[in-house]
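S.K.: I'll drop the sequence and a predicted model, then ask my questions.
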Amino acid sequence: MKIINPNHITGPLLVVLPKFIGDVINTLPALELLSKLYPEQHIYLLARPHLIELLQKTTIPNIEIIEDNRYTKGQKQSLWHLASRLKGYRFSFALLMRGSLREAILCKLAGISHVIGYAQNLRSGFLSHALKLNPCHHYIHRYCRLVNDTHGQPFDTYSAPKLRSSPLKSPLPDNSTLKIGLYFGGQNKGSRHYPKELAQQVITQLTKQLQCQFYVFGDQSESQDNACLQHAHYHHELQITDLSGKTTLPILIDSIAVMDLMISIDSGPMHMACAVGTPCIALVGFGTSPWSIVEPKNDNFIAIRSNSTSLIESDIITSITPHGIVKAGLRLLNR
């Protein structure tokens, strides 16, 4: 593989991002390495519409965002239209952080001669720099290799993902009461969802140990599940604020940033908490990827993994007990 010399690159650079929030957060260390190699270049990120507000929370200086209009509601563009649009930028090279054949074809149609990516999904012929994927590598490591290996391995390490938080426009109550964020997911999360009966026990047991205010997070599709969680404690005078479906992505990040503790399933909010430095507990049952390749790189973090022997995927996470979650929460709060 021919090594890329940054001194010979004069035009802008394109990075095609993944489609999920957690994956995009995991690309941030690689983007930081790319920015260090090309401090004077324009680095354009091709991102789906729902990710644009998230990317505005990054601390990387020289990045700009191109909305991927193939996924814009009401004005979707075809692959051909997007390729024509990208061609006008005259990119020096493209770096594919998504492993699909379609993205490799897009870059070729856009006339980008140097395309970096992993040799997977029948796309090797569309790549000028095709790396062999090691499936044991952490996702962050995979993304960083795309930058580091193709440039002659100038870096020995990378930094953990970081997101910038801002003062909340509608601040949460500013008092001495501990703020605990909860994201148990809804039925839409399938086997990652932590059942509401167990989630209710977590809340009950925490209130016996701590004077705290709970904030329940989620999107609109999870609001019904979270409403049930809040209603179950209605007569117990617990302080539970349901924010599901009521926050933009930036406000969600800012809200998680002011929590004293975040309890989350393996999900985007878990990665957000770690990226803004909020102590976090992750409930890890049967996930969408092996845990060893997605676990956040963070010291202020405890993962509680299921030891279930169940063959029913949705039951695997139920072996994580409310008592174990509360014990881990107290441990993090006492650090």
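M.R.: Structure received.
S.K.: you'd agree residue 303 is in a strand?
M.R.: Yes. The assignment for residue 303 by DSSP: H, G, I helix; E, B strand; the rest coil puts it in a strand.
S.K.: run through the bridge partners of it.
M.R.: In this entry, residue 303 is beta-bridged to residue 282, by DSSP bridges.
S.K.: isn't residue 191 right up against residue 284?
M.R.: No. Under the criterion of C-beta atoms under 8 Å, residue 191 makes no contact with residue 284, lying 11.0 Å away. C-beta: built from backbone N, CA, C; applies to glycine.
S.K.: could you verify my assumption that residue 308 touches residue 318?
M.R.: Yes. Using C-beta under 8 Å, residue 308 makes contact with residue 318 at a distance of 7.1 Å.
S.K.: return every residue with contacts to both of the two.
M.R.: Each of residue 285 lies in contact with both residue 308 and residue 318 under the rule C-beta atoms under 8 Å, 6 or more residues apart in numbering.
S.K.: circling back to that earlier point, neighbour count winner among residue 191 and residue 284?
M.R.: residue 284 (19 against 16; other C-beta atoms under 10 Å).
S.K.: skipping adjacent residues, who's closest to that one in space?
M.R.: Distances taken as C-beta to C-beta, 6 or more residues apart in numbering place residue 305 nearest to residue 284, at 4.6 Å, with adjacent residues excluded.
S.K.: same thing with residue 81?
M.R.: Once flanking residues are discounted, residue 81 sits nearest to residue 69: 7.5 Å by C-beta to C-beta, 6+ apart.
S.K.: so who does the one you found touch?
M.R.: By C-beta under 8 Å, 6+ apart, residue 69 lies in contact with 75, 76, 77, 81, 82, 85.
S.K.: check contacts around the residue nearest to residue 219 when sequence neighbours are not counted.
M.R.: If the residues on either side of it in the chain are set aside, residue 219 comes closest to residue 245, at 5.8 Å by C-beta to C-beta, 6+ apart. Shown in contact with residue 245 (C-beta under 8 Å, 6+ apart): 218, 219, 220, 221, 222, 223.
S.K.: go with 10 Å
M.R.: By C-beta atoms under 10 Å, 6 or more residues apart in numbering, residue 245 lies in contact with 217, 218, 219, 220, 221, 222, 223, 224, 226.
S.K.: secondary structure added to the residues you listed, as CSV?
M.R.: Shown next, in CSV, are the contacts of residue 245 (three-state DSSP):
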residue, secondary structure
217, coil
218, coil
219, coil
220, helix
221, helix
222, helix
223, helix
224, helix
226, helix
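S.K.: as JSON lines, those with distance to residue 122, pLDDT and neighbour count would be great.
M.R.: Output for the contacts of residue 245, formatted as JSON lines (distance: C-beta to C-beta, whole Å; pLDDT from 0 to 100; neighbours: other C-beta atoms under 10 Å):
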{"residue": "217", "distance to residue 122": "39", "pLDDT": "95", "neighbour count": "28"}
{"residue": "218", "distance to residue 122": "37", "pLDDT": "91", "neighbour count": "28"}
{"residue": "219", "distance to residue 122": "34", "pLDDT": "88", "neighbour count": "17"}
{"residue": "220", "distance to residue 122": "37", "pLDDT": "86", "neighbour count": "10"}
{"residue": "221", "distance to residue 122": "34", "pLDDT": "83", "neighbour count": "13"}
{"residue": "222", "distance to residue 122": "36", "pLDDT": "84", "neighbour count": "21"}
{"residue": "223", "distance to residue 122": "41", "pLDDT": "80", "neighbour count": "17"}
{"residue": "224", "distance to residue 122": "41", "pLDDT": "80", "neighbour count": "14"}
{"residue": "226", "distance to residue 122": "42", "pLDDT": "80", "neighbour count": "25"}
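S.K.: noted, bye for now.
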